[in-house]
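**Student:** The following comprises the amino acid sequence and a computationally predicted model.
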Amino acid sequence: MHSPHTELLSQFKHRVVRDLAWVIASPPLVSGDIDDVNWWNYEDCLSEFNDCLTELKKLDLQPEPLIEHIANLKNKKLGSVFEGLISFWLSISPNFQEKINNLQIIEDKHTYGELDFIIEEISSGKIIHLEVAVKFYLGSDPLTDAYRWFGTTTKDQLGKKIDHLRTHQTQLTKKYPNQLKQYFTRTIDERHCIVKGRLFYPENSDISPQNISLAKNHLRGRWCYVDDVEVLDSLIKIDKSHWLTEFNHEDIKASDFCSIKNLTSIDRAECYVETQLNIGKLIEKQRVFHLPTEFSFPKNE
């Protein structure tokens, strides 16, 4: 289940550089022009990757600045690391320059919200409000409903996240321009949104949500209950810090394969890499979630 970006990322030997390249090049979950906001599409991502390729290659030869950048992040949760990688991308991009990040809009002790980035497009001088997110969702019937796609914490839903980005996050600079001027005096010309991640489909099902502008080439995985697992000796359990870029042969060599005891003892949804042999080397075949038998999705209301 490889996307074309997988081959692009395989040229980098350092995983941290591949994570950065994945943040830039991987296809988004949602794309289109929604409520006067440009939600980046795959072509936008690939174009930016190609423009950053020279710097990414340099970084792969000397990754210390990126390693230090990640190490210095106060919050090591995946969402915060993703934003940290976005910030580093902007620092090497020939097309954009970061002006502000993580700005809380506050007036008279009231917080209206926090915006992710204000950036400048170098060629045009346009000022862009950019919101970003990385999300991973498991689908439950009916898959055509965006609210039936859940995070491992089932209060998190694809439909809710998209609604929040669409109606609140991307609209902050439009709704509160006077409050924004306390921190940034230039006019916001455009609003953009970049949502990366992966949707995990039930086995033998491939129906996508229909009530959002889901990108056709979004990254996909599978999920099943542990009782239904047929292939075991090719599975590697991974923690959340490794949910971004795909595993290569070296990553797999440095990992431990799962045992039946490991698998049947899980007490929550866990993410795995399923491997396969390709020209004498093990590579990632697909990303899968396995669920304990007692796991249940919220009832469809």
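**Tutor:** Alright, I've got the coordinates. Quick caveat: nothing in here was measured; it's all calculated off a predicted structure.

**Student:** which residue ranges form the helices in the stretch 101-250 of the chain?
**Tutor:** Secondary structure of the stretch 101-250 of the chain (DSSP state H, counting those that start in this stretch): helices located at 158-167, 172-175, 177-180, 249-253.

**Student:** Can you name every helix or strand that the last one contacts?
**Tutor:** It refers to helix 249-253. Using 3 or more CB pairs under 8 Å, 6 or more residues apart in numbering; DSSP states H and E as the contact test, the elements touching helix 249-253 are strand 281-291. No exception for glycine: its C-beta is placed from N, CA and C like everyone else's.

**Student:** So what are the sheet partners of the strand it packs on and their directions?
**Tutor:** strand 220-225 (parallel), strand 270-278 (antiparallel) (DSSP bridges).

**Student:** where does the stretch 1-150 of the chain dip in pLDDT?
**Tutor:** In the predicted model, the stretch 1-150 of the chain carries pLDDT under 70 at residues 1-3.

**Student:** what do you get if the cut-off is 50, keeping everything else the same?
**Tutor:** Low-confidence regions of the stretch 1-150 of the chain, defined by pLDDT under 50, span residues 1.

**Student:** returning to what we had before: quick one: which of the helices of the stretch 101-250 of the chain is nearest residue 145?
**Tutor:** helix 158-167 (7.2 Å; CB to CB).

**Student:** Does anything pack onto that closest one? Which helices or strands?
**Tutor:** Here helix 158-167 touches strand 127-139, strand 149-150, strand 190-202, going by 3+ CB pairs under 8 Å, 6+ apart.

**Student:** Of those strands, which stretch is the most buried?
**Tutor:** Ranked by mean neighbour count, the helices and strands packed on helix 158-167 are led by strand 149-150 with a mean of 24 (mean count of other CB atoms under 10 Å).

**Student:** In terms of secondary structure, what does that strand contact?
**Tutor:** strand 127-139, helix 158-167.

**Student:** Turn the helices and strands packed on helix 158-167 into a markdown table, columns for distance to residue 8.
**Tutor:** Below are the helices and strands packed on helix 158-167 laid out as a markdown table (distance: least, CB to CB, whole Å):
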| stretch | distance to residue 8 |
| --- | --- |
| strand 127-139 | 18 |
| strand 149-150 | 27 |
| strand 190-202 | 15 |
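
**Student:** can you tell me how far the nearest residue to residue 240 once chain neighbours are set aside sits from residue 46?
**Tutor:** Using CB to CB, 6 or more residues apart in numbering and skipping the chain neighbours, the partner closest in space to residue 240 is residue 78 (5.1 Å). In this structure, residue 78 and residue 46 are 23 Å apart, going by CB to CB, to the nearest Å.

**Student:** Over to residue 233?
**Tutor:** Applying CB to CB to residue 233 and residue 46 gives a distance of 35 Å.

**Student:** do the same with residue 164
**Tutor:** From residue 164 to residue 46 the distance is 27 Å (CB to CB).

**Student:** Name the residue in those two with the higher neighbour count.
**Tutor:** residue 46 (17 against 13; other CB atoms under 10 Å).

**Student:** you'd agree that one is up against residue 5?
**Tutor:** Yes - using CB atoms under 8 Å, residue 46 is in contact with residue 5, at 7.3 Å.

**Student:** Spit out the residues that contact the two alike.
**Tutor:** residue 25 (CB atoms under 8 Å, 6 or more residues apart in numbering).

**Student:** show me where the stretch 1-150 of the chain has strands.
**Tutor:** Counting by DSSP state E, counting those that start in this stretch, the stretch 1-150 of the chain has strands at residues 32-34, 37-39, 96-107, 110-121, 127-139, 149-150.

**Student:** So for residue 201, which of those sits nearest?
**Tutor:** strand 127-139 (5.4 Å).

**Student:** Would you pull up how far that closest one lies from the middle of the chain?
**Tutor:** 7 Å (CA atoms, centre = their mean, to the nearest Å).

**Student:** how about it as CSV, C-alpha atoms only?
**Tutor:** Taking C-alpha atoms only, strand 127-139 is exported to CSV below (Å, rounded to 0.1, in the frame of the first residue of the first chain):
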residue,chain,number,x,y,z
ILE,A,127,0.9,36.8,4.5
ILE,A,128,-0.7,33.4,5.1
HIS,A,129,-2.4,32.1,8.3
LEU,A,130,-1.5,28.4,8.3
GLU,A,131,-3.2,25.7,10.4
VAL,A,132,-1.7,22.2,10.6
ALA,A,133,-2.6,18.9,12.1
VAL,A,134,-1.6,15.2,12.0
LYS,A,135,-4.3,12.7,12.7
PHE,A,136,-4.8,8.9,12.6
TYR,A,137,-8.3,7.5,12.6
LEU,A,138,-9.9,4.0,12.6
GLY,A,139,-13.2,3.6,10.6
